[in-house]
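S.K.: Sequence plus the predicted model coming up.
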Amino acid sequence: PGFLPVSVNHVSRASSEKEGRESPYAIDNNMRTWWEPEDGDKKPWIEVDCRNEFRMAGVRLCWAEPGLDYDAGIKPGPVRYRLEARGEKGDWTTVLDKSASREDLLVDYQTFHETRARRVRLTILGTAPGIRPGLIEITVFGRGLAL
């Protein structure tokens, strides 16, 4: 439908960052790096500034699974999260609420109602027991404001 990645290699910030797992790794388009919040971060979030407003309508999340250990009984499971968007001005608006998700998706592609926004913020609300939050990539898809 004409949507392109609008978040790759832009500006990011996060609630916290584990050393060697800083937030820019989640937008560098590299499947070998990831962002991971510090262990004590109870409600980790990452924000991406796409530098311009776009009509955003989709997101691809590639999850990391730090702590995964089948031998110890630590198995993958769903990640519960919320995605919000914000334009140049105004408040954050929830565009995707997966706070009750039961789907275990390592690569999670979701669409949402087309929203005019410059920034997106992903808040991780929960993971499977023993799995620490980690995000290999967040890619937001959108298109310019003019038709």
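M.R.: Looks like it came in fine.
S.K.: Assign a three-state SS to residue 95, would you?
M.R.: The three-state assignment at residue 95 reads strand, by DSSP: H, G, I helix; E, B strand; the rest coil.
S.K.: show me what contacts the nearest residue to it once chain neighbours are set aside?
M.R.: Leaving aside its sequence neighbours, residue 95 sits nearest to residue 112 (Cβ to Cβ, 6 or more residues apart in numbering; 4.4 Å). Yep, even glycine has a C-beta here, placed from its N, CA and C like the rest. For residue 112, the contacting residues are 56-59, 83, 95-96, by Cβ atoms under 8 Å, 6 or more residues apart in numbering.
S.K.: And the furthest pair within those?
M.R.: Using Cβ to Cβ, the contacts of residue 112 span at most 11.8 Å, a distance reached by 57 and 83.
S.K.: With respect to residue 43, which of the contacts of residue 112 is nearest?
M.R.: residue 83 (14.3 Å).
S.K.: helix/strand/coil for residue 110?
M.R.: On the three-state scheme (three-state DSSP), residue 110 is labelled strand.
S.K.: wait, isn't it in contact with residue 58?
M.R.: Yes - the criterion here is Cβ atoms under 8 Å, and residue 110 meets it with residue 58 at 6.8 Å.
S.K.: so where do the strands sit in this structure?
M.R.: 4-5, 11-14, 45-63, 80-86, 93-98, 107-126, 135-143 (DSSP state E).
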